[in-house]
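test case, fold it:
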Amino acid sequence: MHRMCVGCRAIKHKSEMIRIVRTLENKVEIDENGKKAGRGAYICQNPECLKTAKKKKALNKYFKRNIEEYFYDEVEQFLLDSRQAT
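Below you'll find the predicted structure:
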């Protein structure tokens, strides 16, 4: 299955992307396994895509709520950690 990055708008296989989910409890979090219930948005595993998404407030628009600054920091750290693991 293919998904679109909310940052660069490229279409890639979802296994190549990070899923961000708004859970049924209305929390926004990183979905490490891609299986959590809720509305999902995808971001490429490229830090530039995350910067673009942050600049465009793409997650705010996608989830129709304010995404706090610290959440983008969490996603950035997740990106760094996942790159180091491989």
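
any idea how far Cys44 is from the nearest residue to Lys56 once chain neighbours are set aside?
Counting by CB to CB, 6 or more residues apart in numbering, the nearest residue to Lys56 once its immediate chain neighbours are dropped is Gly7, at 7.5 Å. All C-beta atoms are positioned from the backbone trio N, CA, C, and that covers glycine. Counting by CB to CB, to the nearest Å, the separation of Gly7 from Cys44 is 6 Å.

contacting residues around the closest residue in space to Thr23 that isn't next to it in sequence?
In space, Thr23 comes closest to Gly38 once its chain neighbours are excluded; the distance is 4.4 Å by CB to CB, 6+ apart. Contact criterion CB atoms under 8 Å, 6 or more residues apart in numbering gives Val21, Arg22, Thr23, Leu24 as the residues in contact with Gly38.

the last one sits in which helix or strand?
Assessed by DSSP states H and E, Leu24 sits outside every helix and strand.

same thing with the first one?
If you go by DSSP H and E, Val21 is part of strand 17-22.

please identify the buried residues of that strand?
When neighbours are counted by 16 or more other CB atoms under 10 Å, the buried residues of strand 17-22 are found to be Met17, Ile18, Arg19, Ile20, Val21, Arg22.

list the helices and strands the helix or strand that it is followed by packs on?
The helix or strand immediately downstream of strand 17-22 is strand 28-31, counting by DSSP H and E. Packed against strand 28-31 by the contact rule (3 or more CB pairs under 8 Å, 6 or more residues apart in numbering; DSSP states H and E) you find strand 17-22, helix 69-85.

low-confidence ranges, the chain, go.
Residues of the chain meeting the criterion pLDDT under 70: 86.

repeat that with 80
Counting by pLDDT under 80, the chain has low-confidence residues at 83-86.

appreciated, that's everything.
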